[in-house]
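[1] coords below, sequence missing:
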């Protein structure tokens, strides 16, 4: 008998927590890249396509 054996329920719970953190991290990464690409697009638009007054 092993003292450190974790049952399938504990392992499933741990995997679910890992998946949750992975999803949160990927959503955050997507948001950051989306923001920077939007800012880049807007700055290029302002630099090249907006005529000065």
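    Nice, thanks for sending it over. Computed from a predicted model, the values in this text were never measured in an experiment.
[2] residue 24: what's it in contact with?
    Residues counted as contacts of residue 24 (CB atoms under 8 Å, 6 or more residues apart in numbering): none. Backbone N, C-alpha and C define where each C-beta goes, glycine included.
[3] can you tell me the SS state at residue 50?
    coil (DSSP: H, G, I helix; E, B strand; the rest coil).
[4] count of residues packed around it?
    The tally of other residues near residue 50 (other CB atoms under 10 Å) stands at 8.
[5] from residue 35, how far out is it?
    Residue 50 sits 21 Å away from residue 35, going by CB to CB, to the nearest Å.
[6] and what of residue 22?
    Using CB to CB, we find residue 22 at a distance of 21 Å from residue 35.
[7] what do you get for residue 46?
    Residue 46 sits at a distance of 16 Å from residue 35 (criterion: CB to CB).
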